[in-house]
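*Asks:* make a model of this:
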Amino acid sequence: MKCSESTIRVAIGGFGAIGKRVAKALDDGLANLELTAVSARDRAKAEAYMGENFARTYCILPLGELAEVADVVVECCPAEYLAKVAAPVLTQGKTMIVISVGALLANPQLTALAEQHGGRILVPSGALLGLDAVQSAAVGAIHSVDMVTRKPPHGLNGAPYLAGRGIDVAGISEPVKLFDGSASEAITGFPANLNVAVALGLAGIGPDRTHLEIWADPGVVRNTHTIRVKSDSADLTMTIENIPSEDNPKTGKITPLSIIATLKRLTAPLVIGA
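*Replies:* Got it, this is the predicted structure:
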């Protein structure tokens, strides 16, 4: 199908649990948006999956080539590949939707590229709530931002912070606080778990000043984030309990839905929120 002039071409970098869900929504049909390509580690498996679940198959391209066939590229790949997929997009003045928000801290050149070439970096709310309210409060003065994250122990498996300290959370029987510090410190030790904390920091007073606690809690079955913001305009207290994805317990089911909502905002005649 040939795109009309008003249709936005979308490519997806990464075809795991998040990428598949977003790609499926585009394949099913989103107004004025069309999927043009995906990137996948295993081309044969991706083609087979699309053949069984999608109305049509799509081009499978390397991460660095997605910008050539899209106006908007969605990053759904491991954080270490962010620069590889994003740099060509931003250099061409196009739009990059980033879910590995923590990787933006390690790649400040991407924001510079966007500014230099007229590109845009969009960060969905992901597994967090209230970012619009925090951004609004940040126009005034925010005094403090505190976040407490509680996750089922298995949802923290593989975190470099735990591996580097020889911490095994598999057999714990009561809540254990694993980390107490800033969001910018946490993301290096929990890169697959705490993008939400960095997003909160970027929306508010910065990741360095955003205080974070991380708990392994066998008493919870959902990834739970509680946020408290004190500012000169409002005091905010928010809690979200995310249902983990069946394919990847480190990711909430709401994360791909947040990306889909961000895509829909690109062409919607009515947009709610900041």
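
*Asks:* check what pLDDT the nearest residue to Gly102 once chain neighbours are set aside gets.
*Replies:* Nearest residue to Gly102, sequence neighbours excluded (CB to CB, 6 or more residues apart in numbering): Ile187, at 3.6 Å. Where you see a C-beta, it was placed from the backbone N, CA and C, and this is true even at glycine. Ile187 is assigned a predicted lDDT (pLDDT) of 82.

*Asks:* do the one 3 residues further on as well
*Replies:* Model confidence at Phe190, given as pLDDT, is 87.

*Asks:* does it touch Phe179 like I think?
*Replies:* Yes: Phe190 lies in contact with Phe179 (CB atoms under 8 Å); the separation is 7.3 Å.

*Asks:* which residues do those two both contact?
*Replies:* Here Phe190 and Phe179 share the contacting residues Tyr161, Ile214, scored by CB atoms under 8 Å, 6 or more residues apart in numbering.

*Asks:* okay, these two: which has more neighbours?
*Replies:* The neighbour comparison of Phe190 against Phe179 (other CB atoms under 10 Å) goes to Phe190, with 25 against 19.

*Asks:* what count of nearby residues applies to the closest residue to that one other than its chain neighbours?
*Replies:* Counting by CB to CB, 6+ apart, Phe190 lies nearest to Ala159, which is 4.9 Å off, once chain neighbours are set aside. By other CB under 10 Å, 25 other residues sit near Ala159.

*Asks:* Asp168 should be in a helix, yeah?
*Replies:* No: Asp168: not assigned to a helix; according to DSSP: H, G, I helix; E, B strand; the rest coil it is coil.

*Asks:* phi, psi for it please.
*Replies:* With angles defined as degrees, to the nearest 10, Asp168 sits at phi -110, psi 110.

*Asks:* contacting residues around it?
*Replies:* Leu162.

*Asks:* and the pLDDT at it?
*Replies:* 91.

*Asks:* not counting the strand or helix carrying Thr36 itself, show me its contacts.
*Replies:* Per DSSP states H and E, Thr36 falls inside strand 33-39. Residues outside strand 33-39 that contact it (CB under 8 Å, 6+ apart) are 1, 3, 7-15, 19, 23, 26-27, 46, 58-63, 66, 69-70, 77, 85, 263-264, 266-267.

*Asks:* show me the residues you listed that map onto strands.
*Replies:* Among these, the members falling in strands (DSSP state E) are Ile8, Arg9, Val10, Ala11, Ile12, Gly13, Cys59, Ile60.

*Asks:* could you dump these into a markdown table with neighbour count, pLDDT and distance to Gly252 added?
*Replies:* A markdown table is the format used below for these (neighbours: other CB atoms under 10 Å; pLDDT from 0 to 100; distance: CB to CB, whole Å):
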| residue | neighbour count | pLDDT | distance to Gly252 |
| --- | --- | --- | --- |
| Ile8 | 18 | 98 | 26 |
| Arg9 | 16 | 98 | 28 |
| Val10 | 26 | 98 | 22 |
| Ala11 | 28 | 98 | 24 |
| Ile12 | 30 | 98 | 18 |
| Gly13 | 31 | 98 | 20 |
| Cys59 | 13 | 96 | 29 |
| Ile60 | 16 | 97 | 27 |
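
*Asks:* now the lowest-mean-pLDDT helix or strand in the chain: buried residues?
*Replies:* The weakest-scoring helix or strand in the chain, judged by mean pLDDT, DSSP states H and E, is helix 183-189 (a mean of 87). Buried residues in helix 183-189, counted by 16 or more other CB atoms under 10 Å: Ala183, Ser184, Glu185, Ala186, Ile187, Gly189.
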